[in-house]
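S.K.: give me a 3D structure for the following:
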Amino acid sequence: MSNDTFDYIIVGAGSAGCVLANRLSENPNHSVLLIEAGGSDGSIFIQMPTALSIPMNMSRYNWEFESEPEPWMDNRRMHCPRGKVLGGSSSINGMVYVRGHGCDFDEWEEQGAEGWGYKNCLPYFQRAETWKGGRDEYRGNEGPLATCNGNEMKNPLYSAFVKAGVEAGYGPTDDYNGYRQEGFGPMHMTVKDGVRWSTANAYLKPVLKRRNLKVISNALTKRIVMEEKKATGVEIEVGGQAQIVKARTEVILSSGSVGSPQLLQLSGIGPAEVLKNAGVEVVHDLPGVGENLQDHLEVYFQFRCKEPITLNGKLDLWSKFLIGTRWILFKDGLGATNHFESCAFIRSKAGLKWPDIQYHFLPAAMRYDGQASFDGHGIQVHVGPNKPKSRGHIRIKSGDVNDKPEILFNYNEHEDDREAFRACIRLSREIMEQDAMAPYCEDEIQPGAELQSDEELDAWIRENAESAYHPSCTCKIGSDDDPMAVLDNDCKVRGIEGFRVVDSSVFPTITNGNLNGPTIMVAEKAADIILGNNPLPASNAETWIHPEWETKQR
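M.R.: Prediction:
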């Protein structure tokens, strides 16, 4: 291969970029360059699932973005971690595997993303996956991405939470990634044989020896090189030296929902006023770049636990040493799971067709940095609304790639989001008060049972809610008549030749759950589009909808 010219240049070796590097280089006639700003993912803290809080809080692996003061969150600046390492955010995330509800993708199509409905997306979820439970009309068993339930809910608290949900009137679900998302059941994770199964492990490392694939790590992409309105290459900085690499066919941005709009704007593509204010020459006025920002917000519901069976009893150095040693030797035990092994998806009120609330259950009470929240044993439920109506933006402040962009989520700006959060608190209390939790649950640590009114709950949420780390939708796919659509249905940047975006920024609306799974699906589907392959045959599999959703909440 030429050192400076390739057929395809992919910017970002994350959840989407690694998938594209694998699929586009399958044909030995295609030369592919994959560029990553971060370095190796070889750290034990990345590969050992239980250590997930460590790389997420390390500047070596994390861009460490933060929002502007959020006006509806007591003007707090909110943490927005994004992966800066091979595997991208799939190397520092919580490894939770959620595809989203089938209606999420039908919603995409209804909003103008033709060809991105559930029947078209499901086959690509299947192609990506090897599900430990085996293949059926929803799950796959021949794909690179391994998914499982961790330690199979050995701790009795997981099953107690599921039973409590059923006692509260919600149905069980054996597989929320299959026919029925709504309900309580086991949670799935991207872990294989006890190891984090990032896209670097699943897609990239098995093909690194391909002669037509080149990976450059520790390379900062500064801008997309444009000739008139055609992307012809990228300018990168490696070891302090700038160089330009050229693309014969296409440049593909897979830098994530923050990085992709940032690089578009730095290259002169975006809202003209934003570019002018940053001192960047306008190449193409594209108003939607960086707009439509959506994220999931959540709170940690915490209770004291009567029984000494939680992870709070495993946070001392000796216990961590034993867990780590067992993982190093055998790749099993508590080191081999993210500890989110049961979950739920429910609707906050009647009249909603599909769930808008998600639960992650954790048999511990701790902060995201891995420290205990209080002395003694505790139980924690992460809960938040999954279909927010608030919208934010990402805008560059200057033409320097090293200047972090302005990120404003506008969390909870919309009254419907605040209403949904109040429902999260009240419905969660009801679930945790069921008989199944009685042998384990004691007093409510937070929010605290004394907080009851709308005003009290709103104030606590403003002070305590945190991002679930799912920023998305900033370069959305849309129809020709949508002025805010950045991409066409083939992920091509509107008005620019030889240029696509493929990552979570292309979502028209945020999906109902964690985003790594649907981002991988998008890359799998986009790879076929880029290569001109026939799309996989559409699926006829149905999605469960509560038969009385219009009049009943459960």
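
S.K.: residue 269 pairs with what?
M.R.: Beta-bridge partners for residue 269, by DSSP bridges, are residue 284.

S.K.: and it, what is it in contact with?
M.R.: Each residue near residue 269 by C-beta atoms under 8 Å, 6 or more residues apart in numbering is listed here: 224, 283, 284, 286, 289, 493, 496. The C-beta positions use only the backbone N, C-alpha and C, and glycine is treated the same way.

S.K.: swap in residue 51?
M.R.: Neighbour list for residue 51: 44, 45, 335 [criterion: C-beta under 8 Å, 6+ apart].

S.K.: now do the same for it: its pLDDT.
M.R.: pLDDT recorded at residue 51 is 96.

S.K.: and it, how far from residue 326?
M.R.: 13 Å (C-beta to C-beta, to the nearest Å).

S.K.: which neighbours do those two share?
M.R.: In terms of C-beta under 8 Å, 6+ apart, residue 51 and residue 326 are both contacted by the residues residue 335.

S.K.: low-confidence ranges, the stretch 1-150 of the chain, go.
M.R.: In the predicted model, the stretch 1-150 of the chain carries pLDDT under 70 at residues 1-3.

S.K.: nearest spatial neighbour of residue 262, chain-adjacent residues omitted?
M.R.: Of all residues not flanking residue 262 in the chain, residue 405 sits nearest, at 4.9 Å (C-beta to C-beta, 6 or more residues apart in numbering).

S.K.: run a quick neighbour tally on the one you found.
M.R.: 22 (other C-beta atoms under 10 Å).

S.K.: so it makes contact with residue 398?
M.R.: No. Using C-beta atoms under 8 Å, residue 405 is not in contact with residue 398; the gap is 9.5 Å.

S.K.: got phi/psi on the spatially closest residue to residue 259 that is not a sequence neighbour?
M.R.: Nearest in space to residue 259, with sequence neighbours left out and distances taken as C-beta to C-beta, 6+ apart, is residue 12 at 6.4 Å. When read as degrees, to the nearest 10, the backbone of residue 12 gives phi 110, psi 110.

S.K.: re earlier: top of the contacts of residue 51 by number of neighbours, please.
M.R.: residue 335 leads the contacts of residue 51 on contacts (other C-beta under 10 Å) with 22 neighbours.

S.K.: ok so that residue is a strand residue?
M.R.: No. Judged by DSSP: H, G, I helix; E, B strand; the rest coil, residue 335 forms no part of a strand; its state is helix.

S.K.: that one against residue 48, yeah?
M.R.: Yes. At 5.3 Å, residue 335 counts as touching residue 48 under the criterion of C-beta under 8 Å.

S.K.: OK, contacts around residue 424?
M.R.: 299, 348, 357, 383, 384, 385.

S.K.: show the buried residues in those residues.
M.R.: 299, 348, 357, 383, 384, 385 (16 or more other C-beta atoms under 10 Å).

S.K.: residue 334 contacts residue 310, correct?
M.R.: No. Using C-beta under 8 Å, residue 334 is not in contact with residue 310; the gap is 11.6 Å.

S.K.: per-residue pLDDT of the residue nearest to residue 262, please?
M.R.: So residue 405 comes in at 98 (pLDDT).

S.K.: I'd like to know how far it sits from residue 226.
M.R.: Taken as C-beta to C-beta, the span from residue 405 to residue 226 is 20 Å.

S.K.: again with residue 476
M.R.: Counting by C-beta to C-beta, the gap from residue 476 to residue 226 is 22 Å.

S.K.: neighbour count winner among those two?
M.R.: Counted by other C-beta under 10 Å, residue 476 and residue 226 do not tie: residue 476 has more neighbours, with 26 against 21.

S.K.: dihedrals phi and psi, the more buried one?
M.R.: phi -70, psi 150.

S.K.: and it, what does it touch?
M.R.: Here residue 476 is in contact with 113, 288, 292, 484, 485, 486, 487, 505, 506, 507, 508 (C-beta under 8 Å, 6+ apart).

S.K.: picking up where we left off before, the residue nearest to residue 259 contacts residue 254, correct?
M.R.: Yes. Shown here, residue 12 and residue 254 form a contact pair, counting by C-beta under 8 Å, at 4.0 Å.

S.K.: shared neighbours of those two, anything?
M.R.: Common neighbours of residue 12 and residue 254 (C-beta under 8 Å, 6+ apart) are 260, 503.

S.K.: so between those two, which is more surrounded?
M.R.: residue 254 (33 against 28).

S.K.: may I have the phi/psi pair for the more buried one?
M.R.: Here residue 254 shows phi and psi, under degrees, to the nearest 10, equal to phi -130, psi 50.

S.K.: next one, pLDDT for it please.
M.R.: What the model reports for residue 254 is a pLDDT of 98.

S.K.: need the nearest residue in space to residue 104, chain neighbours excluded.
M.R.: Closest to residue 104 by C-beta to C-beta, 6+ apart is residue 511, at 4.4 Å.

S.K.: give the contact list for that neighbour.
M.R.: Each residue near residue 511 by C-beta under 8 Å, 6+ apart is listed here: 98, 99, 100, 101, 104, 105, 386, 518.

S.K.: surely the first one is in a helix?
M.R.: Translated: residue 98. No. According to three-state DSSP, residue 98 belongs to no helix; its state is coil.

S.K.: ok, it to residue 175 distance?
M.R.: Relative to residue 175, and taking C-beta to C-beta, residue 98 is found at 12 Å.

S.K.: which one of these two is surrounded by more residues?
M.R.: residue 98 (25 against 16).

S.K.: looking at it, the more buried one is touching residue 189, isn't it?
M.R.: No. Applying C-beta under 8 Å as the test, residue 98 and residue 189 come out as separate, 9.9 Å apart.

S.K.: number of nearby residues for the nearest residue to residue 477 once chain neighbours are set aside?
M.R.: Closest residue to residue 477 in three dimensions, ignoring its sequence neighbours and counting by C-beta to C-beta, 6+ apart: residue 113, at 4.3 Å. Residues near residue 113, counting by other C-beta under 10 Å, number 26.

S.K.: ditto for residue 306
M.R.: Other residues lying near residue 306 total 13 when counted by other C-beta under 10 Å.

S.K.: which residues touch it?
M.R.: Contact analysis of residue 306 by C-beta under 8 Å, 6+ apart lists 377, 439, 440, 441, 442.

S.K.: what bridges to the fourth one?
M.R.: Each beta-bridge partner of residue 441 is listed here, defined by DSSP bridges: residue 305.

S.K.: confidence score at it?
M.R.: 95.

S.K.: so it touches residue 431, yeah?
M.R.: No. Contact criterion C-beta under 8 Å: residue 441 and residue 431 do not qualify, at 10.3 Å.

S.K.: just to revisit the earlier point, and the two most separated of the contacts of residue 306?
M.R.: Checking the contacts of residue 306 against each other with C-beta to C-beta, the farthest-apart pair comes out as 377 and 439, at 12.9 Å.

S.K.: and for the two, which residues touch both?
M.R.: The overlap between the contact sets of residue 377 and residue 439 (C-beta under 8 Å, 6+ apart) consists of 306, 307.

S.K.: okay, the two: which has more neighbours?
M.R.: Shown here are residue 377 and residue 439; by other C-beta under 10 Å, residue 377 has more neighbours (22 against 12).

S.K.: related to what we said a few turns ago, more crowded one of residue 441 and residue 431?
M.R.: A side-by-side neighbour count of residue 441 and residue 431, using other C-beta under 10 Å, places residue 431 first with 24 against 21.

S.K.: any idea of the mean pLDDT for the helix or strand harbouring that one?
M.R.: Take DSSP states H and E as the rule and residue 431 turns out to sit in helix 415-432. Averaged across helix 415-432, pLDDT comes to 97.
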